[in-house]
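K.L.:
any chance you could fold what I've pasted below:
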Amino acid sequence: MQLTIPSSFDQIIDYVKDINLSSRQQQTIGLITAATVISSFTFYKLFKGPNDGCPTVPYINPFNGSSAEYRKNPRAFVEKWTEKLGPVYRVHLYGRLQTVVSGRYVREIFMNNNFDFNAGIEKRFDMKSMADIRGHEIPASDTRVSVVQYLTPHLKYFTPRAVHYLDVGLEDILGDMQGKKKDLPHLYPLVQRMVSRASASVFVGEKLCNDPNLVTSFQEITGDLGAHIRFSNPWLEPFQSLMKLKMWAIGKFSTSTRKHRSVMLKALIPEIKSRMELAKNPNWERPNDILQDLIENFKAPAGRDFATHITNEIIVLIFASIHTTSENGTIVLYRILNTPGLVEELFKEQQEVLTKAGLDPNGKSSEVFTFDIIKNMVKLDSVCRESMRLRNEFLELAHTNVGKNRVVLSNGTIIQPDGDVLINSWYNQQSNSWDAMKKDKNEDRTKFTPLRYVNSGYPSTKVSDDYLVFGEGKHACPGRWFAIQEIKTIISLLIRDYKLQPTSDIIFPDSLETAMPFGTVSIEKGL
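P.N.:
Model prediction:
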């Protein structure tokens, strides 16, 4: 019997009907044949795109496709195939066929409610599962509500507190710097500690943000859990069920998960129960932080302890904020240090803005670096946008069609239900081939131009087709205002109070391993 890969379910039925089951040997052979046919059909459906004329990057290996070539040199891969195949094409990456969308077509993904970023990213990196959190109990809408309703509208109120704890986080790492110079192997741990302290003060309040163990878990949980899956064996990627099982097992059995959950539950559960009891007293002074808003407005799902549920909500909020803010802040700092004269120019702007506002440029950080003062530093804001635009990103922002019907893009490309899309961030943000995004024909979008966005009408929080760091459309990151506020304040504190000097070449990576630059830096207290 000649075996041909079936292309429809009806063909599977026909094959199975033809299997001869008259003897035990033939039954065994028949079962093997049936299993082979069904497996072949599964892979056929997995790797065959719709017949819509969308070009596909050629590949040989049906399991890993183009993954090895892409990982070896992602910039060259994306540049090569975008030039050859155009703005929309298919590529076999991470064990399945995915549609790459570039240029003006990205809006058709971001603006369509059928495409879901969380569903796309969780196929390879399900942080909730790895933190032993049932995904359906903490939907993405919960985190959006936490940010949109309880965080962003109150940024002016939270800013003095956040600035104070940015300073505390700075001291955690540097200690007493009077008359001393310190060498930092990398800037990320410093920025991460500052962001963790400040975020904790806003998320869980000033009492708990002074718990060093809790702040350390805020700081490390995303990286520790992510390390379990980030460099997984490529052979596992085509098997979604095995990937899900691995992430579930990390959540249930890894020491990292147990350690961080234990620290957070130990700190948060007594605080939550105490607040619920104290709230019965009409004279109680209500804490103003995200934790209190969650206690008052969220309900636990059936069978889940309320205090544990609120703790899980905080953990998911951490996943959505601290690592990415720390990473972006580190990228901006390295860009500044790698550009001669830029520290001095930003310091001059800071002094002018503070003086114009009638504030002492050397005054207490939490009193002078207000929400409005930071907003008025337009050169600093431009540096942030330009630095993040040039992030080391290629095919990113995975989205999955979670609708029941196929989606047809304006060029005719079909995205089937459960079909995956990757956004060509490199092309949209950095390529000189997209003429529509150039201010003039001589503009070089590959080059770091720190003041590119001064007086442009495009602050660092404004999303656009050529700036996709925070996504786009109504599902763009709702926490970007808080993140940018933290980043700009960190830089303002450092350039005012310290002298930073690179002590090695600063390397900006072009691989998939990390988006962060690296290089050693010396730091000493300013005059």
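K.L.:
every contact and neighbour count from this point should use C-alpha atoms.
P.N.:
Fine.
K.L.:
give the contact list for Arg406.
P.N.:
Residues counted as contacts of Arg406 (C-alpha atoms under 8 Å, 6 or more residues apart in numbering) are 414-417.
K.L.:
what is the end-to-end distance of stretch 514-523?
P.N.:
One end of stretch 514-523 sits 24 Å from the other (C-alpha to C-alpha, to the nearest Å).
K.L.:
just stretch 446-462 next, same as before
P.N.:
20 Å.
K.L.:
tell me which residues of it are tucked away?
P.N.:
450-451, 453-454, 458-462 (16 or more other C-alpha atoms under 10 Å).
K.L.:
so of the contacts of Arg406, which ones are in strands?
P.N.:
Counting by DSSP state E, the part of these found in strands is 414-415.
K.L.:
closest to Ser199 out of the contacts of Arg406?
P.N.:
Using C-alpha to C-alpha, Pro417 comes nearest to Ser199 of the contacts of Arg406, at 37.4 Å.
K.L.:
and the pLDDT for that closest one?
P.N.:
Looking at Pro417, its pLDDT stands at 97.
K.L.:
now for it, how many residues are close by?
P.N.:
16 (other C-alpha atoms under 10 Å).
K.L.:
quick one on the thing from earlier: what would the buried residues of stretch 446-462 look like in TSV with pLDDT?
P.N.:
Converted to TSV, those look like this (pLDDT from 0 to 100):
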residue	pLDDT
Pro450	98
Leu451	97
Tyr453	96
Val454	97
Tyr458	96
Pro459	98
Ser460	98
Thr461	97
Lys462	97
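K.L.:
just give me the closest of the contacts of Arg406 to Asp510.
P.N.:
Ile415 (29.6 Å).
K.L.:
what stretches of the chain score poorly on pLDDT?
P.N.:
Across the chain, residues meeting the criterion (pLDDT under 70) sit at 1-49, 230-233, 527.
K.L.:
for it, what spans make up the strands?
P.N.:
Counting by DSSP E, the strands of the chain are 88-93, 96-101, 115-116, 181-184, 395-401, 407-408, 414-415, 420-424, 498-502, 521-525.
K.L.:
identify all contacting residues around the fifth one.
P.N.:
When you say that, I think you mean strand 395-401. Residues beyond strand 395-401 that count as contacts (C-alpha under 8 Å, 6+ apart) turn out to be 78, 100, 109, 114-121, 407, 415-426, 471.
K.L.:
can I get the buried part of those as one ChimeraX selection?
P.N.:
Selecting only the buried entries of the contacts of strand 395-401 in ChimeraX, with 16+ other C-alpha under 10 Å as the criterion:
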select :78,100,109,114,115,116,117,118,119,120,121,407,415,416,417,418,419,420,421,422,423,424,425,426,471
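K.L.:
what distance separates stretch 395-414 from the centre of its chain?
P.N.:
Here stretch 395-414 is found 21 Å from its chain centre; the criterion is C-alpha atoms, centre = their mean, to the nearest Å.
K.L.:
quick one: buried residues of it?
P.N.:
Here stretch 395-414 shows 395-402, 407, 413-414 as buried, counting by 16+ other C-alpha under 10 Å.
K.L.:
just give me the closest of the buried residues of stretch 446-462 to Gly341.
P.N.:
Using C-alpha to C-alpha, the buried residues of stretch 446-462 come closest to Gly341 at Pro450, 11.1 Å.
K.L.:
ok, that closest one touching Glu386?
P.N.:
Yes: counting by C-alpha atoms under 8 Å, Pro450 touches Glu386, with 6.0 Å between them.
K.L.:
enumerate every residue touching Ser433.
P.N.:
Taking C-alpha under 8 Å, 6+ apart, one finds Tyr427 in contact with Ser433.
K.L.:
rewinding a little: and of the buried residues of stretch 446-462, the nearest to Lys244?
P.N.:
Of these, the one sitting nearest to Lys244 (C-alpha to C-alpha) turns out to be Thr461, at 33.8 Å.
K.L.:
so the closest one makes contact with Trp481?
P.N.:
Yes: with contact defined as C-alpha under 8 Å, Thr461 reaches Trp481; the gap is 6.2 Å.
K.L.:
still on that earlier bit, out of the contacts of Arg406, flag the one nearest to Lys280.
P.N.:
Closest to Lys280, out of all of these and judged by C-alpha to C-alpha, is Pro417, at 49.3 Å.
K.L.:
quick check: the residue most central in space within the chain vs Leu337, distance?
P.N.:
Taking C-alpha atoms, centre = their mean as the criterion, Thr324 is the residue nearest the geometric centre of the chain, at 5.5 Å. Separation of Thr324 from Leu337 (C-alpha to C-alpha): 20 Å.
K.L.:
go on, Gly251?
P.N.:
Distance from Gly251 to Leu337, by C-alpha to C-alpha: 39 Å.
K.L.:
what does the domain assignment say about this structure?
P.N.:
The chain breaks down by automatic domain parsing into domains covering 1-45, 128-525.
K.L.:
now render these as TSV, adding distance to Ser67.
P.N.:
Output for these, formatted as TSV (distance: least, C-alpha to C-alpha, whole Å):
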stretch	distance to Ser67
domain 1-45	17
domain 128-525	8
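K.L.:
need the winner for burial among those.
P.N.:
domain 128-525 (a mean of 18; mean count of other C-alpha atoms under 10 Å).
K.L.:
tell me how far it lies from the chain's centre.
P.N.:
8 Å.
K.L.:
any idea how far apart the tips of it sit?
P.N.:
Terminal-residue distance, domain 128-525 (C-alpha to C-alpha): 41 Å.
K.L.:
which among the strands of the chain is found nearest to Arg445?
P.N.:
Nearest of these (C-alpha to C-alpha): strand 420-424, 15.1 Å.
K.L.:
excluding its backbone neighbours, what's nearest Ala515?
P.N.:
Leaving aside its chain neighbours, Ala515 sits nearest to Asn392 (4.8 Å; criterion: C-alpha to C-alpha, 6 or more residues apart in numbering).
K.L.:
for the one you found, give me its contacts.
P.N.:
508-512, 514-516 are the contacts of Asn392 under C-alpha under 8 Å, 6+ apart.
K.L.:
with Glu486 instead?
P.N.:
162-163, 195, 325.
K.L.:
out of those residues, which comes closest to Val91?
P.N.:
Distances from Val91 to the contacts of Glu486, taken by C-alpha to C-alpha, are shortest for Thr325, at 30.1 Å.
K.L.:
isn't that closest one right up against Ile487?
P.N.:
Yes: using C-alpha under 8 Å, Thr325 is in contact with Ile487, at 7.2 Å.
K.L.:
what do these two both touch?
P.N.:
What both Thr325 and Ile487 touch, as defined by C-alpha under 8 Å, 6+ apart, is an empty set.
K.L.:
render the CA-only coordinates of stretch 59-66 in CSV, please.
P.N.:
What follows is stretch 59-66, C-alpha atoms only, in CSV (Å, rounded to 0.1, in the frame of the first residue of the first chain):
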residue,chain,number,x,y,z
TYR,A,59,12.6,25.5,4.0
ILE,A,60,13.5,21.8,4.1
ASN,A,61,13.1,20.7,7.7
PRO,A,62,9.4,20.3,8.5
PHE,A,63,9.9,20.5,12.2
ASN,A,64,12.2,23.5,12.6
GLY,A,65,11.8,25.2,9.3
SER,A,66,13.9,28.4,9.1
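K.L.:
how about that stretch: buried residues?
P.N.:
Quick answer for stretch 59-66 (16+ other C-alpha under 10 Å): 62-66.
K.L.:
how about the residues you listed in TSV, adding distance to Lys72?
P.N.:
As requested, the buried residues of stretch 59-66 are arranged in TSV below (distance: C-alpha to C-alpha, whole Å):
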residue	distance to Lys72
Pro62	18
Phe63	17
Asn64	13
Gly65	13
Ser66	10
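K.L.:
what residues does Tyr105 make contact with?
P.N.:
87-88, 409-410.
K.L.:
same list, the residues you listed, but as CSV with distance to Thr330 please.
P.N.:
Formatted as CSV, the contacts of Tyr105 follow (distance: C-alpha to C-alpha, whole Å):
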residue, distance to Thr330
Pro87, 31
Val88, 32
Leu409, 37
Ser410, 38
